[in-house]
Structures are given as C-alpha cells and as structure tokens.
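Asker: Quick one, structure for this:
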Amino acid sequence: MSATLSALGTSTAPIFIVGHPRSGTTLLRLMLNAHSRIVIPPEAHIASFLRRCEGTYGPLVNEANRRQVVERLVHKRRMEEWGFEAEAMFARAMEAEPPTPGGVFAALMSLWTDKAGKPRWGEKTPGTYRFLPDVEAWFPDCQVIHIVRDGRDVAVSCLTPPFADLYDKGNVYEVAVRWRHAIHCCRRARSRLGPERFFELRYEDLTADPEAMVRRLCTFLHERFEPAMLDYHREAGRHVARGDKSFHQRTQGQVDRARVERWRQDAQPDFIACFEGIAGRELRDFGYALSGITPPTRQQLRIAYEKFRPRRLMKNYKPPSGESPEKRSKSTSA
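Answerer: Residues are numbered from 1 along each chain as shown. Reported below is the predicted structural model:
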C-alpha cells in the first residue's frame, strides 16, 4: 500500500534517514527505533554496494551472480554486529523476491522486522543521500527523512577525535564541500519525492523541542506518536554498534542543546571563514547566520580553489567498517 494512502499505523513503507555524518542521524534513528512498529538497525552501507553490484557481478536473477553478491554482504563482522546467524541471513537473501538489488535489500531487512516483531523497517546510513535515485527505484513507496545540522558544527565534530581519528582524515575544506554536496543531493530528492515522501528537519529544531518535532515526524510517517520515542536513551546502549559507541556517547542521555553552535567556542576564525566561504549560501538557506568574518586575500584564493576543483567527494570519509572506500572496493566487506 502506498504510504500516501496508508491509514494511521498501517504503513509498511521503508524509511530512509539520510544527512551528512555527524548531523544527528543516529539520534533520529534511535528515536524512531523506539517506536513499537519501526525497527532501524545500525548502519551497514548496503545501498552503496547494491547499487553497483549488477554492474560488477551481472543480473541477480542469475543464482550464481546473486550468490557472489550475498557472500559479500553476509560476512562475519556484520553478522557479529547484527547478532544473526550467517546461514539464516544468507538463505533469506538468496531467496529474495524479486531477485534484484532492492529485493535482496528488503530480504535482509525482513530479518530485522522478524527479530524485533515490528512490521516496518528503516535504514540509516548518512551517505545514502548520494544514492537516493537508486533507493527510490527499488522502493517506490519509501519515505526519506533528511536531517540538517549547521555545517560549521558538523565540521568541528567531524574533525575532532575520536571521530576524526577513526573515520575522517579530511580538513575543513573537504567537510564543507561534502556538506554542501549533501544539501544539493537532498534538494533534488525533495523535488522528486514531494512532501508526502520527503521530510526535512534541522538538528537544532529537533533538540529545541523534541516532542513537537517527533510528533511531526510521526504524522509524516502515518504513525501514532509514542512517548517512548522520547525515552530512546534508556535502550540506546543496546542499539548502537560497538565500534560507534565512543562518538555516540551523548545518545545515552536525553536530548540537549549542548552541541548547538559549538563552532563559536571550538573553531578558529580561519576555520569558520573556510567553511562559510565554500558553503555560506547553503548555511543561509537553512537559516544559519554567518559569522561576518572576512578571510585575508590568500585564504580567499584557497577557498575559491577548493570550492571548484574536481574531487571525489567522499574520498576522506571512512565508514564504520573502518575501511576507506578505495580499500572497501577490494575487500570482502560490502
């Protein structure tokens, strides 16, 4: 049944949470996962692999091709993190109907709905914003939630240990370009999907009035609001992947605004000027006031160069597998 036609509390349309890393996607996942009808597992970067799998292995309708793809997805590390038996997950994925990337995706998620006893699944991998056209093709009734956070706070968080030590080896220019790219990708998705299937919120608004925003989210999702969604932190420790706990410690407590506008205290003027020089327009579009800092001429030249030079936009972002995209393409991990 289409999400737009679903009665309250009857939709089974997949939910995709996207946004630049360190924007509050995990907080949002935990809130929705606390709903009695919705299960959203830890991120697994499945879409990024499945979108290119048929180009690499061939059509999945061929059982041999499908087997190779499923073997890449069902590996020991993911099984340990997810708490599933590899044989059960392998069998479920091999029996996917239809035998397509979207079918395999849904088959894997069905294990989660079965385990949680909930009828509806969601997926949260921040970088899936890059692959939304594929997701839309696989799941024509899916609903997308895009969370936006002040990019200067995102940059400070991305470049501060422990996150920076493990995942982000970039600099403020790289984060600014990626953040701007995420905004543009989601704008295109919003224009394609419309308000019935695309919901956008700011991290700052979620933390300012969690109940009001969660109620709006439930209305969008055609779900009843449940107070337990605001008590997500009571079970957060069980639902955050072991390797992610060091930089998701704040999910152990109730929502607060301690990290809103942290850039004002934690970022140097040149750092702020660099980010605003690249993504100032996008900051203003979302209601974030600029600092008014004017960079010196030499820095202005660097900003112009970094803003327009060709680059692989995600080359410095390491996903929770701990591997770079280049290494991942050669490894057995999806």
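Asker: Show me the strands in the chain, by range?
Answerer: 15-18, 38-39, 120-124, 143-148, 198-202 (DSSP state E).
Asker: and the residue sitting furthest away from the middle of the chain, how far is that from Tyr173?
Answerer: In the chain, counting by C-alpha atoms, centre = their mean, Thr297 sits farthest out from the average C-alpha position, at 36.4 Å. Plainly put, Thr297 is 17 Å away from Tyr173 if you go by C-beta to C-beta, to the nearest Å. In short, each C-beta sits where N, CA and C put it, glycine included.
Asker: Hmm, Ala155 and Arg262 touching each other?
Answerer: No - the pair Arg262 / Ala155 is not scored as a contact, 10.4 Å apart, by C-beta atoms under 8 Å.
Asker: if we can go back for a sec, quick one: which of the strands of the chain is nearest Thr100?
Answerer: Across the strands of the chain, Thr100 has its closest neighbour in strand 120-124 (16.4 Å, C-beta to C-beta).
Asker: Quick one: mean pLDDT over the closest one.
Answerer: When pLDDT is averaged along strand 120-124, the result is 97.
Asker: residues near the closest residue to Ser157 other than its chain neighbours, how many?
Answerer: With sequence-adjacent residues excluded and distances taken as C-beta to C-beta, 6 or more residues apart in numbering, Ser157 is closest to Arg22, at 4.0 Å. Neighbours of Arg22 under the rule other C-beta atoms under 10 Å: 26.
Asker: wait, what's in contact with Arg22?
Answerer: Arg22 makes contacts with 149, 153-154, 157-158, 163, as judged by C-beta atoms under 8 Å, 6 or more residues apart in numbering.
Asker: Surely Phe271 and Val172 touch.
Answerer: Yes - contact criterion C-beta under 8 Å: Phe271 and Val172 qualify, at 5.3 Å.
Asker: Mind listing the shared neighbours of those two?
Answerer: Any residue near both Phe271 and Val172 by C-beta under 8 Å, 6+ apart counts here, and that gives Ala155.
Asker: which one of those two has more residues nearby?
Answerer: Val172 (24 against 19).
Asker: if I look at that one, how far off is Glu261?
Answerer: Counting by C-beta to C-beta, the gap from Val172 to Glu261 is 17 Å.
Asker: Could you pull up phi and psi at Leu159?
Answerer: Per-residue torsions, Leu159: phi -100, psi 10 (degrees, to the nearest 10).
Asker: Not counting residues beside it along the chain, what's closest to Phe16?
Answerer: Nearest residue to Phe16 in three dimensions, chain neighbours excluded: Val144, at 4.9 Å (C-beta to C-beta, 6+ apart).
Asker: hang on, I meant Trp179
Answerer: Spatial nearest neighbour of Trp179, chain neighbours left out: Gly151 (4.2 Å); criterion: C-beta to C-beta, 6+ apart.
Asker: ok, how many other residues are close to the one you found?
Answerer: Gly151 has 30 neighbours, counted by other C-beta under 10 Å.
Asker: pretty sure it contacts Ala279?
Answerer: Yes - with contacts counted by C-beta under 8 Å, Gly151 reaches Ala279, the gap being 5.4 Å.
Asker: list residues touching both of the two?
Answerer: By the contact definition C-beta under 8 Å, 6+ apart, Gly151 and Ala279 are jointly contacted by 176, 179-180.
Asker: of those residues, closest to Leu73?
Answerer: Trp179 (29.0 Å).
Asker: So that closest one versus Pro162, what's the distance?
Answerer: According to C-beta to C-beta, Trp179 and Pro162 sit 20 Å apart.
Asker: Tell me which of the two has more neighbours.
Answerer: Between Trp179 and Pro162, counting by other C-beta under 10 Å, Trp179 is the more crowded of the two (27 against 11).
Asker: For the more buried one, list the residues it contacts.
Answerer: Neighbouring residues of Trp179 by C-beta under 8 Å, 6+ apart: 20, 151, 154-155, 279, 282.
Asker: Quickly check those for the two that are furthest apart.
Answerer: Farthest apart among the contacts of Trp179 by C-beta to C-beta are Ala155 and Glu282. That separation is 12.8 Å.
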